[in-house]
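> What follows is a predicted protein model with its sequence.
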Amino acid sequence: MAEKIFIIGGGPGGYVTAIKAAQAGMDVTIAEKAAFGGTCLNRGCIPTKSLLHVTSFLTQNYSRMGISFDKMTYDLDKFRKWKDSSVRKAVLGVEMLLKKNGIKILREKAHVVSSGKVETETGVHKADRIVIASGSNVIIPGFIKDRDDVWTSDNALELSEIPTRLLIIGAGVIGVEIATIYSRLGSEVHLFDMLEKPGGADIDTEIANELEKSLKAMRIKLHLGKAIKAIKGNTIIVEGEEISGDRIMAAIGRCADIKGRHSEIEIDTNTKKIRTNKEYETTLSRVYAIGDVIDGPMLAHKASHDGVRLIDLLNGRAASSGEMTSVFYTSPEIASSGMTESQARDSFGDIKISVFPVSANPRANCTKELRGMVKLICTEKKLIGAHIMSEHASEMIWAFSYFIKNGTDIDDIKETVFPHPTFSESIGEAMLGLEGPMLHL
Ligand code: NAI
């Protein structure tokens, strides 16, 4: 008889685990209390990328290339419908895949009762294995707890209004992506962060400096190195300075959704996430956890990767973890894999660094976006970090997940033939620069 697996949560972690488990011949049930696709499809990646795409046309000036408009206008209602249709298509796609794979769907809240039992609103379900993939929620800082009018990314993505002046607390990935959307829509955006640079704590410093320049080029006003501890009405008070806006938004991070957790499932007191062993098993036998609720970056693709690995491990296929990639969908995009320069120096001391500027790339030269760089970091022979700020960076970074994980020798990578003219040629140049002169610099 097929092994029964019950998955709690239908986001990119849960639904991918369910499909993978069904493909492995398991008897799968998945419970989702809201919409399938979770934060990523409904309130995160998909609506954000949809709005970043439509708004990208608004600020383009093509007059130097011979294209001019009398007047550029936009219809906010149609933007919203466009974004909603992207979300709807993605969610329906997930539901279709679950059904196609014969997965039992419960549209209910579920929680673990014991090692082999899950309770939902309509009953108790037995399973050989249980997977918790309940994701995360936006962190609401104490000083705005009782303020319904303060936005989170959920509200910002509804596109209910375009504030004349939008004040965003937190210049991490959500802060800068929402700032980009609203500044293109005409808001005067102010970004506040307690760090000295935008992009959050894990970004490479040189890339953060470039991000700062690109945000300033969009006329986004940065207030860095100052922790926000209080707001008064629509005014942010920071180190004696008061800045007023029409709307305040908080983007200071997310926290694991572990409400209703079984008491025998231990939590790491530092991360406030579920503790698991290397095989994703929690402290309650045969109960597993993946994605945002466990250690590691809170990324949709990380959650899906966890789910695929878990099912491989349960089915006796050894699966080592891949090297993570991350992307800021700013203009230009920023994508990274592996260590930052300072992490590499701390771990290895002596490292090699090569930086090729996008301004020297022939394909970039045919467009208007000359900002950015490819920065590669290696030990004597192995790549350990890659940071790409360029058009289409999100489409190029995957190769470094492979190179870094597999410890590929840079002599082997150097033989790669990059098509001309492409943005990816900057990667080839940066690789040359690890051991000698670059050709186009
Ligand atoms: P984040 O952790 O990336 O950035 C939060 C920022 O807020 C940090 O720079 C921090 O210094 C600042 N901050 C915190 N408290 C503050 C205060 N009181 N005053 C001033 N600054 C303060 O978190 P974010 O942007 O909310 O994103 C949450 C999660 O969602 C991240 O873990 C990210 O991985 C994920 N995500 C990923 C996306 C992508 O891959 N493109 C897009 C959106 C979210």
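All right, it came through fine.

> so what's the residue in the stretch 51-200 of the chain that the ligand sits nearest to up against?
Nearest residue of the stretch 51-200 of the chain to the ligand: G172, at 1.8 Å (C-beta to the nearest ligand atom). No exception for glycine: its C-beta is placed from N, CA and C like everyone else's. G172 sits next to 193, 199-200, 251-253 when contact means C-beta atoms under 8 Å, 6 or more residues apart in numbering.

> Report the spatially nearest residue to P198, omitting neighbours in sequence.
Closest residue to P198 apart from its sequence neighbours, by C-beta to C-beta, 6 or more residues apart in numbering: A171 at 3.9 Å.

> Confirm for me that T17 is in contact with I130.
No: T17 lies out of contact with I130 (C-beta atoms under 8 Å); the separation is 11.1 Å.

> Who has more neighbours out of these two?
A direct count of neighbours by other C-beta atoms under 10 Å for T17 and I130 places T17 higher, at 31 against 28.

> just checking, K352 touches A430?
No: counting by C-beta under 8 Å, K352 sits too far from A430 to count as a contact (11.0 Å).

> Between the two, which has more neighbouring residues?
Relative neighbour count places A430 above the other of K352 and A430, with 23 against 18, counting by other C-beta under 10 Å.

> What distance do you get for that one to N209?
17 Å (C-beta to C-beta, to the nearest Å).

> Please apply the same query to M298.
From M298 to N209 the distance is 25 Å (C-beta to C-beta).

> what about dumping the CA coordinates of stretch 129-147 to CSV?
Extracted C-alpha coordinates of stretch 129-147, given in CSV (Å, rounded to 0.1, in the frame of the first residue of the first chain):
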residue,chain,number,x,y,z
ARG,A,129,4.3,11.2,7.4
ILE,A,130,3.4,14.8,7.9
VAL,A,131,5.0,17.9,6.4
ILE,A,132,4.7,21.4,7.9
ALA,A,133,5.0,24.0,5.1
SER,A,134,3.0,26.8,6.7
GLY,A,135,5.2,29.6,5.5
SER,A,136,5.6,33.0,7.1
ASN,A,137,3.9,36.3,7.9
VAL,A,138,4.9,39.9,7.7
ILE,A,139,6.5,41.2,10.9
ILE,A,140,4.6,44.2,12.3
PRO,A,141,6.8,46.3,14.5
GLY,A,142,5.5,47.0,18.0
PHE,A,143,5.1,50.7,17.3
ILE,A,144,2.6,50.2,14.5
LYS,A,145,0.7,47.2,16.0
ASP,A,146,-2.6,49.1,16.5
ARG,A,147,-2.4,51.0,13.2
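
> Buried residues, it. List them.
Neighbour-count burial for stretch 129-147 flags 129-138, 141, 143-144 (criterion: 16 or more other C-beta atoms under 10 Å).

> of all those, which two lie farthest apart?
Greatest spacing in those, by C-beta to C-beta: R129 and F143 (41.9 Å).

> dump the residue contacts of the residue nearest to N361 when sequence neighbours are not counted.
Spatial nearest neighbour of N361, excluding adjacent residues (C-beta to C-beta, 6+ apart): S426 at 4.8 Å. For S426, the contact set (C-beta under 8 Å, 6+ apart) comprises 356, 358, 360-361, 364, 373-374, 388, 390.

> mean confidence score for the helix or strand harbouring N42?
Using DSSP states H and E, N42 sits within helix 38-43. Computed over helix 38-43, the mean pLDDT rounds to 97.

> start the count at 227, not 1, going forward
All right, first residue 227 from here; so that's helix 264-269.

> what helices or strands is it leaning on?
helix 238-249, helix 302-326 (3 or more C-beta pairs under 8 Å, 6 or more residues apart in numbering; DSSP states H and E).

> Next, work out how far apart the closest residue in space to V464 that isn't next to it in sequence and I474 are.
Among residues not flanking V464 along the chain, K452 sits closest, at 4.6 Å (C-beta to C-beta, 6+ apart). Computed with C-beta to C-beta, the distance linking K452 and I474 is 15 Å.

> ok, now P238?
Taken as C-beta to C-beta, the span from P238 to I474 is 29 Å.

> more crowded one of the two?
Between P238 and I474, counted using other C-beta under 10 Å, P238 has the larger neighbour count: 29 against 26.

> correct me, but the more buried one touches N268?
No: using C-beta under 8 Å, P238 makes no contact with N268, being 11.1 Å away.

> hmm, stretch 369-378 in reach of the ligand?
No: Stretch 369-378 lies apart from the ligand when judged by C-beta under 6 Å from any ligand atom; the minimum separation is 8.1 Å.

> For that stretch, which outside residues touch it?
Outside stretch 369-378, the residues that touch it by C-beta under 8 Å, 6+ apart are 364, 366, 454-457, 473-477.

> just checking, which of those belong to strands?
Among those, the residues falling in strands (DSSP state E) are 364, 456-457, 473-476.

> neighbours of I245, just the number please.
So I245, with other C-beta under 10 Å, has 22 neighbours.

> correction: P647
Look at P647: counted by other C-beta under 10 Å, it has 13 neighbours.

> Please apply the same query to K335.
Burial measure for K335: 16 neighbouring residues, criterion other C-beta under 10 Å.
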